[in-house]
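> Below is the sequence, then the predicted model.
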There are 4 protein chains.
Amino acid sequence: MLISLDMTGDDPIYLQLRNEIVLGIASRRLQGGEGLPSVRQLAEDLGINAMTVNKAYTLLKEQGFIEIDRRQGAKVRVSTEAAPHFPGRWQQQLALLIAEGLARGMEKGELMKTCEQLFEILNQGEKTQ
Amino acid sequence: MLISLDMTGDDPIYLQLRNEIVLGIASRRLQGGEGLPSVRQLAEDLGINAMTVNKAYTLLKEQGFIEIDRRQGAKVRVSTEAAPHFPGRWQQQLALLIAEGLARGMEKGELMKTCEQLFEILNQGEKTQ
Amino acid sequence: MLISLDMTGDDPIYLQLRNEIVLGIASRRLQGGEGLPSVRQLAEDLGINAMTVNKAYTLLKEQGFIEIDRRQGAKVRVSTEAAPHFPGRWQQQLALLIAEGLARGMEKGELMKTCEQLFEILNQGEKTQ
Amino acid sequence: MLISLDMTGDDPIYLQLRNEIVLGIASRRLQGGEGLPSVRQLAEDLGINAMTVNKAYTLLKEQGFIEIDRRQGAKVRVSTEAAPHFPGRWQQQLALLIAEGLARGMEKGELMKTCEQLFEILNQGEKTQ
DNA sequence: GTGGTCTAGACCACA
DNA sequence: GTGGTCTAGACCACT
């Protein structure tokens, strides 16, 4: 799976990495149960600090996207049960994005169509960026 | 319009303020053409520094949500035709949120329903948080 | 002659007005010796404060573009002899603009062509904005 | 690279600093990819506040002249392909300067020669002021 | 180490 | 009155 990071952008690297992995899981390029590269391996491949990768993995674990086994390394979580402090923050962010569209005069149909398209693209395992 | 800020959270105050105003515009609690409080006034009301409010206003101006008139202060932009560097970043963020839902096993219907509900709540001018 | 002002933009109104008049002189929509509207008249036409117009006229007089006669009002200066503190500042600003082009990788031919086109457009008395 | 600021003039310091850096890039005193001093370092060297330097850097970043890397600080952008909201404003300013020349009776040849000279001076990496 | 954010208080340009 | 700029000093996030 290709991971692209922008070192000069405003977003912290560990967040970019976390987001890329979430996108990978959603598009099933990363299957449930599939193992992730080790922290050191991935750090070397991406040319970044191991602590940065570790931070991304820890975040993903806290948010319920992956599981970390000290012996087997990290792997994508299979079934998704409860996820810590998920819905509130997520809905809040989604509401903000929708508000931005509304504030710019976006119609309901236009918004729903965009959401549906993005969903389909991800669900078919194609790459969005 | 009530504005609530979390001074202890991780999100910068100027961003929270910017977001609250965007939500206000989307929900029409702030009408197009309506004047916003002056930088100093709002800073005093919220108990924050004027430069912080200034930063939020400047950001909103750059993103096309408000206009700043040297004589009358800031006011909500009426017709939001021009949207500087909008769609790319916005779609990217939306795709990420949808991916988070997908990665947690959310169904398409569930997602679309959530989006629609959020849209309706905002469009009816009710408060979301 | 049409004068368009942007009340919400970043540039001060008196400067916008000064610039519009300079453009008018350059394109000969305002002929040498031609009288300008009185301060009060122009202020009323444009819907701005008379002091703002006065400031623009004073600036134009200081820079040698117009002459102000207390009895006859303001009129475009006919022959252009010496102009106070002109060349230094003007060359400096021109150098900065050219530098911006260079810093963005603009070629010499591209730059010269742009300058020539702008010159011709103005010299033919057509409107540029 | 020497940077001279006029603390008593009308131009904001952050703008003067921004302009000096643009001139430096255009004249290749600052090479593409070259690192700029850190915000604090430059502020101390110039005897100004760090936030003022920060504002100049942020502006240069938004206008595509430099990149800011959280790890290595700011550096001159190598390939300047993307130029956010560049041409319109730039042409407008250039047209105004040319109009000032025209309104003072400057001939076409004189203007073109001046532009060419300024271009060559910058392109040869010599200092203009 | 880096840049990003925030504060309290000041002065200035504009209208 | 408005926003724009600047200062000195502080704390935080990221790497």
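That came through, no problem. Residues are numbered from 1 along each chain as shown, chains lettered A, B, ... in the order given.

> can you give me the strands for chain A?
Ranges of strands within chain A are A:66-69, A:73-76, based on DSSP state E.

> who wins for proximity to C:Asp10 among those strands?
strand A:66-69 (47.6 Å; C-beta to C-beta). All C-beta atoms are positioned from the backbone trio N, CA, C, and that covers glycine.

> Check what pLDDT A:Ile3 gets.
pLDDT, A:Ile3: 92.

> Quick check: mean pLDDT of stretch A:76-84?
64.

> now swap in stretch A:38-52 and tell me
93.

> mind listing what's buried in stretch A:2-22?
For stretch A:2-22, the neighbour count (16 or more other C-beta atoms under 10 Å in any protein chain shown) marks A:Ile13, A:Tyr14, A:Gln16, A:Leu17, A:Arg18, A:Asn19, A:Glu20, A:Ile21, A:Val22 as buried.

> same check, this time on stretch A:93-111
A:93-104, A:106, A:111.

> and the residue in chain A that DNA strand F sits nearest to, what pLDDT?
When scored by C-beta to the nearest atom of the strand, chain A has A:Ile13 as its residue closest to DNA strand F, at 3.0 Å. At A:Ile13, the model reports a pLDDT of 94.

> what residues are up against it?
A:Leu5, A:Met7, A:Ile48, A:Thr52, D:Arg70 (C-beta atoms under 8 Å, 6 or more residues apart in numbering or on different chains).

> mind running it again at 10 Å?
A:Leu5, A:Asp6, A:Met7, A:Leu46, A:Ile48, A:Asn49, A:Thr52, A:Val53, A:Lys55, A:Ala56, D:Arg70, D:Arg71 (C-beta atoms under 10 Å, 6 or more residues apart in numbering or on different chains).

> from these, which are also near DNA strand F?
When contact is defined as C-beta under 7 Å from any atom of the strand, these meet DNA strand F at A:Ile48, A:Asn49, A:Thr52, A:Lys55, D:Arg70, D:Arg71.

> A:Arg40: how many residues sit nearby?
Close neighbours of A:Arg40, defined as other C-beta atoms under 10 Å in any protein chain shown, add up to 11.

> swap in A:Glu62?
For A:Glu62, using other C-beta under 10 Å, the count is 12.

> show me the contacts for the residue nearest the centre of chain A.
Note on chain A: the residue nearest the mean C-alpha position is A:Val22, at 2.3 Å, using C-alpha atoms, centre = their mean. Taking C-beta under 10 Å, 6+ apart as the contact definition, A:Val22 lies against A:Leu30, A:Leu60, A:Gln63, A:Phe65, A:Ile66, B:Leu96, B:Leu97, B:Ala99, B:Glu100, B:Leu102, B:Ala103, B:Arg104.

> And the residue nearest to A:Gln124 when sequence neighbours are not counted, how far from B:Ile98?
Computed as C-beta to C-beta, 6 or more residues apart in numbering or on different chains, the closest residue to A:Gln124 that is not its neighbour in sequence is A:Ser27, at 7.7 Å. For A:Ser27, the distance to B:Ile98 equals 11 Å [C-beta to C-beta, to the nearest Å].

> Would you mark the buried spots in stretch A:111-122?
Buried residues in stretch A:111-122 (16+ other C-beta under 10 Å): A:Leu111, A:Thr114, A:Cys115, A:Leu118, A:Phe119, A:Ile121, A:Leu122.

> Tell me the spacing between the nearest residue to A:Ala50 once chain neighbours are set aside and C:Gln92.
Once flanking residues are discounted, A:Ala50 sits nearest to A:Ala43: 4.1 Å by C-beta to C-beta, 6+ apart. To C:Gln92, A:Ala43 is 49 Å away according to C-beta to C-beta.

> So for these two, which sits in the more crowded spot?
A:Ala43 (18 against 14).

> most remote residue from chain A's center?
A:Gly105 (28.6 Å).

> And the pLDDT at that one?
Predicted confidence (pLDDT) for A:Gly105: 87.

> list the contacts for the residue of chain A found nearest chain D?
With C-beta to the nearest C-beta, the shortest gap between chain A and chain D falls at A:Thr8, namely 4.1 Å. Contact analysis of A:Thr8 by C-beta under 10 Å, 6+ apart lists D:Lys61, D:Ile66, D:Glu67, D:Ile68, D:Asp69, D:Arg70, D:Arg71, D:Gln72, D:Ala74, D:Lys75, D:Arg77.
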